[in-house]
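Visitor: Pasting the sequence and the predicted model now:
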Amino acid sequence: MITQVSKIFTDNLDGKEVSLQGWVHRTRSSGNMVFAVLRDASGLIQVTIKKDKVDEKSWSGATSAYVESSLSIKGIVKKDERAPGGYEIQATHYELISQGEAFPISKDLSEEFLLDVRHLWMRSQKLTHIMKARHHIVNYLREFFDNDGFYEMAPPIITKSGCEGGSTLFEMNYFGEPAYLTQSSQMYAEVFIFSLGKVYVLAPSFRAEKSRTIRHLAEYWHLEPEMAFYDQKMNMEVQENMIAYVCKKMVENHSDLLRACGRNPEDLAKITVPFERIDYAKAVDMVNELGGKMEHGQDFGADEEALLTKTKTKPIFIHNFPKDIKAFYMREDPNKPGTVLNADLLAPAGHGEIIGGSERIWQYDDLIARMKEQNLKIEDYQWYVDLRKFGSVPHSGFGLGIERLVKWMLNLDHIRDTIPFPRTINRCYP
Ligand code: 4AD
């Protein structure tokens, strides 16, 4: 039976013989001893191989292994204060499964090189920790919606029209006809509120972002809930409850992993509801007071969002943006004409926007009028407009960028390490 490395630190195995399988994380030899660190999916363990304690084949395997050679070992678990984690394995048998070649990644290589060999760099401890944390974060998001009676729906990725404006559409040739990679599954999520009430989609969205920034990807994972009979107030409550739930679960069950990624779990333990709500107009004034320069009617960029969130310890909502700078489907606020019933949720400490959401225009005539104002071709959106003809109801929803959430929750400097193979303006390989 194969023992997982993590069990050596949790189960009382001192003095017992175990079999392990994994990869060489580090190895060095000195005289008649080899000191190796074995890695499996659950962690790292120090292994010592003494020439006089193993057969010749084991010794030759241990002395010829490279970093990342795969191996299988047998040995005795020994408590040893000097070993990382307090235990090591004294090998009795060491077998190389595949010696392979010298691993091309060593210390202090440039970020660009590491992106070129991303398929190998994925084995690093840093990315392993982040990918595990991402897995748990996504699971808790799903759990949150499942607990609340939402259904997950599968949207199309190839579409005929944009949801968020033409400038960031990726066009493709669909059997001789133009089509696009989806920018957002929102319009398709809206289809399902009529049969399922509360739904969400978790799928990739694509944006032909021409700029290189620390928070934009050309392909990202987008969580998009949509709820029948929810107004914007209820929509924001879902968002803050969802974020608080995921933070709480990560702190309760994965604080070591958070620490390994560079996030102090105490920061996330503070993320409780409610989140502050700031009107757009007030937020613009705040930016200017904090030393930024922006006019009313402009959208916030990364710099303005950084100013607004720099000293915050919890996410903040900015709501009621001017309708002219927002997407066509957002409902105008009857109590504040000229602004829409929307909100962006900005993560604290400079991370900035992680969610965009709104109440939708749900009445046929209003939607047509708004689309005409924005010079959109109604026929391109005929099926979407149709939804307003047959038993339409008030409804709301939002879009959460998974990588933006992970970047903030794990306190990472750049979005690229939140996703295995980041797609950006200058990279689509490996
Ligand atoms: O604000 P956005 O563009 O809103 C929509 O797409 C709506 N249709 C969502 C909805 O209401 N269902 O994008 C929503 C979120 C942003 O807040 C951000 O987290 C993420 O998607 N996002 C990106 N993440 C990484 N790279 C990019 N280029 C992103 N663009 C948006």
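Guide: Ah, there it is.

Visitor: can you tell me which residues contact the spatially closest residue to residue 212 that is not a sequence neighbour?
Guide: Leaving aside its chain neighbours, residue 212 sits nearest to residue 425 (5.9 Å; criterion: C-beta to C-beta, 6 or more residues apart in numbering). C-beta coordinates here come from the backbone N, C-alpha and C atoms, glycine included. Contacts of residue 425 were listed using C-beta atoms under 8 Å, 6 or more residues apart in numbering, and they are 209, 210, 211, 212, 218.

Visitor: restrict these to contacts with the ligand.
Guide: Restricting the contacts of residue 425 to those adjacent to the ligand (criterion: C-beta under 6 Å from any ligand atom) gives residue 209.

Visitor: just the contacts of residue 425 now: which is nearest residue 152?
Guide: residue 218 (24.4 Å; C-beta to C-beta).

Visitor: Please tell me how far the residue nearest to residue 396 when sequence neighbours are not counted sits from residue 405.
Guide: Spatially, and ignoring its direct neighbours in sequence, residue 396 is nearest to residue 235 (3.7 Å; C-beta to C-beta, 6+ apart). Taking C-beta to C-beta, to the nearest Å as the measure, residue 235 falls 17 Å from residue 405.

Visitor: One more: residue 75?
Guide: 41 Å.

Visitor: again with residue 149
Guide: Distance from residue 149 to residue 405, by C-beta to C-beta: 22 Å.

Visitor: quick one, which of these two is more surrounded?
Guide: residue 405 (25 against 9; other C-beta atoms under 10 Å).

Visitor: Figure out the helix or strand that that one lives in.
Guide: Assessed by DSSP states H and E, residue 405 sits inside helix 402-409.

Visitor: And residue 18, by the same measure?
Guide: Short version, using DSSP H and E: residue 18 is in strand 17-30.

Visitor: What residues of that strand count as buried?
Guide: Within strand 17-30, the residues scored as buried using 16 or more other C-beta atoms under 10 Å are 18, 20, 21, 22, 23, 24, 25, 27, 29.

Visitor: my guess is the third one contacts residue 72, does it?
Guide: The one in question is residue 21. Yes: the pair residue 21 / residue 72 is scored as a contact, 4.7 Å apart, by C-beta atoms under 8 Å.

Visitor: neighbours of residue 284, just the number please.
Guide: 22.

Visitor: contacting residues for it?
Guide: So residue 284 contacts 294, 295, 296, 298 (C-beta under 8 Å, 6+ apart).

Visitor: Find the nearest non-adjacent residue to residue 413, please.
Guide: residue 214 (6.6 Å).

Visitor: Is the one you found in contact with residue 412, as I believe?
Guide: No: when contacts are counted by C-beta under 8 Å, residue 214 is not listed as touching residue 412 (9.1 Å).

Visitor: now the helices: where do they sit in the protein?
Guide: 5-10, 56-64, 111-116, 118-121, 125-147, 186-196, 232-261, 265-269, 280-289, 302-309, 364-373, 382-386, 402-409 (DSSP state H).

Visitor: Of the ones you listed, which stretch is the most buried?
Guide: Highest mean neighbour count among these (mean count of other C-beta atoms under 10 Å): helix 402-409, with a mean of 24.

Visitor: pull the CA atoms of that helix into CSV?
Guide: The C-alpha coordinates for helix 402-409 follow below in CSV (Å, rounded to 0.1, in the frame of the first residue of the first chain):
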residue,chain,number,x,y,z
ILE,A,402,-12.6,33.7,-10.6
GLU,A,403,-9.0,34.7,-11.2
ARG,A,404,-9.6,38.2,-9.8
LEU,A,405,-11.1,36.6,-6.7
VAL,A,406,-8.3,34.2,-6.3
LYS,A,407,-5.7,37.0,-6.8
TRP,A,408,-7.2,39.0,-4.0
MET,A,409,-7.9,36.0,-1.6
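
Visitor: between it and helix 232-261, how many degrees?
Guide: 60 degrees (axes from the mean of the first three to the mean of the last three C-alpha atoms, to 10 degrees).

Visitor: Return the angle between stretch directions for helix 402-409 and helix 125-147.
Guide: Going by the same axes, to 10 degrees, helix 402-409 makes 110 degrees with helix 125-147.

Visitor: Now do helix 402-409 against helix 302-309, angle only.
Guide: Using the same axes, to 10 degrees: helix 402-409 against helix 302-309 is 40 degrees.
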